[in-house]
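Novice: Predicted structure and sequence below. I'll ask about it afterward.
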Amino acid sequence: MLRKGLFKKEMDPDASDYTSSMEEDIRIFEAVVQINAAHVQMLEKCEIIEKSEKNKIIRALSELYEKGVEALDLRPELEDIHMAVEEYVNKKAGKKVGGKLHTAKSRNDQVSTAIRMALREEVLELQEALIELINELVVLASKHKETIMPGYTHLQIAQPTTLAHYLNSYSQAFSRDLKRLNEDYGTINYCPLGACALAGTSFSIDRKLTSELLGFDGIVENTIDAVGSRDFALQTMSSLAIMMSNLSRLAQEIILWSSAEFDTIEVPDEFASTSSIMPQKKNPVVAEIARAKASRSIGELISGLNIMKSLPQSYSLDLQELTPSLWSAVDQSKTSLKVMKKFVGRIEAKPKRMRELAKKGFSTATELADALAKWAEVPFRESHEIVGRMISQTLKNGKELEDLSLEDLQAASQDVIGKRIELSEKRFRESLDLKSCIESKGKLGEPAPESVKKELSKLEELTKKYKKVLEKRKKILSEKSARLFESKENK
Ligand code: ARG
């Protein structure tokens, strides 16, 4: 359809296979049909085509929309879906009318518009999946506000916390991912259509009208920017890469915790596989795949950034190669969120084992040092040294946290500051006790069950808020798309 004017020969079949985006374009089929419908609605309003011409084209498009992508000729020789749709309209409405479809638009503005439309739908779906994951974590955390476990730094036992407090840390990270996706929607949702190849058009088109018909928040004004930019895609891919790295951290800990060495959680059978040779193996495969998919999503972002970084303005076919990376990142993220949500919901924690581990590694040592500073008027740096000395002596004698006595502390104090300190047995015991240690931390964001409860209800409110925003966006999109083919009955 395109080559007859300029060329004498068809494109080499290997070259057309190599450069065609047809296969990937199936993903933007619906958007492309909608864009064409909005465009002809606008052309008619602006008196660039006749009403009867518009109706004929709308009828063809509406029929195509109903039939689906299978109705199209998808041979790679046609280059891409934009040409396939135009060809379909030509066949149905005749070349004389169908030939007007591409007036005042180009594939360059059209493809960017279509990617934005398909991507905004994906973002809403991703947000929904993310909300479900957070909700699942919240449910699990609600059951474990009192489940004491060791908190780690450097993967060494650090201070006691609770499973709920720990899970909330992930929910917080995921809620920021949710916020980022919400902002990404705002960046994506501007319409490049009407920018044409790069320099706009002398036809008196109304870009605002097409943008409104398609549910955009506004237009991408600069026509070069409109066709030549993909930072909206990079921004989303970077949010997804961050989200996937958060998810991968969680997956990594699930793998670690389900090992015999930690043994603090049980992976449900439905989410594990076994070995073909070792009959005893229970492998946390879902978490392993999530960890690897995170690497791939990060890779897609890096590919995208590399494609863009030296590309001259405005459109080059390099941009076509970025789109599959975008969809791949979207798909990796979506499938990971969906399965990890289910997986997290079925994880069984082992509170007894968690508590056992929390007693190891002198996890309440900081609490004891704090007690000296609070009650015995020892500057913190000195109390830190005294407790450190006590632990080093204790380790030599093979004792553990529970075996410590106030006398051990007094001996260390003599050693470090040359005198005994004033601390009651009761306070000494309390500061070594896991439960009172956690209960003493009841400020905002801390592990005490009361604080965790507040954090949980805030998280619930937050997901509700984002759910509302996304439902509203969904509603706008479905109302807009319902209206696009409206005049199909008019002759
Ligand atoms: N298939 C192209 C893409 O996905 C559409 C635009 C092609 N433009 C062109 N002048 N060849 O980006």
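Specialist: Looks like it came in fine. Numbering: from 1, shown residues only.

Novice: all contacts plus neighbour counts: C-alpha atoms, from now on.
Specialist: Fine.

Novice: what helix or strand is residue 389 on?
Specialist: For residue 389, the element it lies in under DSSP states H and E is helix 380-396.

Novice: Flag every residue of the chain that's near the ligand.
Specialist: Applying Cα under 6 Å from any ligand atom, we find that the chain lies next to the ligand at 21, 80, 107-108, 111, 317, 319-320.

Novice: Could you pick out the buried ones from those residues?
Specialist: In the residues of the chain next to the ligand, burial by neighbour count holds for 21, 80, 107-108, 111, 319-320, counting by 16 or more other Cα atoms under 10 Å.

Novice: who's in contact with the closest residue to the ligand within the chain?
Specialist: Here the chain gets closest to the ligand at one residue, residue 320, 3.7 Å apart by Cα to the nearest ligand atom. Listed by Cα atoms under 8 Å, 6 or more residues apart in numbering, the contact partners of residue 320 are residue 21.

Novice: still on that earlier bit, turn the buried ones among the residues of the chain next to the ligand into TSV, including secondary structure.
Specialist: Putting these into TSV (DSSP: H, G, I helix; E, B strand; the rest coil) gives the following:
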residue	secondary structure
21	coil
80	coil
107	helix
108	helix
111	helix
319	helix
320	helix
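
Novice: So residue 193 is in contact with residue 212, correct?
Specialist: No. When contacts are counted by Cα atoms under 8 Å, residue 193 is not listed as touching residue 212 (11.2 Å).

Novice: Now do the helix holding residue 389: which elements does it pack against?
Specialist: Counting contacts by 3 or more Cα pairs under 8 Å, 6 or more residues apart in numbering; DSSP states H and E, helix 380-396 is packed against helix 365-375, helix 406-417.

Novice: could you dump those to a markdown table with mean pLDDT?
Specialist: As requested, the helices and strands packed on helix 380-396 are exported to a markdown table (pLDDT from 0 to 100):
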| stretch | mean pLDDT |
| --- | --- |
| helix 365-375 | 96 |
| helix 406-417 | 96 |
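
Novice: for those, which one ends up most surrounded?
Specialist: Mean neighbour counts were compared across the helices and strands packed on helix 380-396 using mean count of other Cα atoms under 10 Å; the top stretch is helix 365-375, at a mean of 20.

Novice: Please work out which residues outside it touch it.
Specialist: Applying Cα under 8 Å, 6+ apart, the external contacts of helix 365-375 come out as 159, 378-380, 383-384, 386-387, 422-423, 427-428, 431-432, 437.

Novice: do that again at 10 Å, thanks
Specialist: 158-160, 364, 376-388, 390-391, 401, 409, 421-424, 427-434, 436-438, 440 (Cα atoms under 10 Å, 6 or more residues apart in numbering).

Novice: Report the angle between that helix and helix 406-417.
Specialist: What separates the directions of helix 365-375 and helix 406-417 is an angle of 70 degrees, with axes from the mean of the first three to the mean of the last three Cα atoms, to 10 degrees.

Novice: roughly how far out does helix 365-375 sit from the chain middle?
Specialist: Per Cα atoms, centre = their mean, to the nearest Å, the displacement of helix 365-375 from the mean C-alpha position of its chain is 41 Å.

Novice: now do stretch 134-148
Specialist: A distance of 21 Å separates the centroid of the chain from that of stretch 134-148, by Cα atoms, centre = their mean.

Novice: Can you point out the buried residues in that stretch?
Specialist: For stretch 134-148, burial by neighbour count (16+ other Cα under 10 Å) applies to 134-138, 140-142, 144-148.

Novice: export those to a markdown table and tack on secondary structure?
Specialist: Converted to a markdown table, these look like this (three-state DSSP):
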| residue | secondary structure |
| --- | --- |
| 134 | helix |
| 135 | helix |
| 136 | helix |
| 137 | helix |
| 138 | helix |
| 140 | helix |
| 141 | helix |
| 142 | helix |
| 144 | coil |
| 145 | coil |
| 146 | coil |
| 147 | coil |
| 148 | strand |
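
Novice: closest to residue 185 among the residues you listed?
Specialist: Out of those, the one with the shortest distance to residue 185 is residue 134. That distance is 19.8 Å, counting by Cα to Cα.

Novice: Which residue ranges of the stretch 201-350 of the chain form strands?
Specialist: Counting by DSSP state E, counting those that start in this stretch, residue ranges of the strands within the stretch 201-350 of the chain are 218-219, 265-266, 348-349.

Novice: Which of these sits closest to residue 484?
Specialist: For residue 484, the closest of the strands of the stretch 201-350 of the chain is strand 218-219, at 17.5 Å, according to Cα to Cα.
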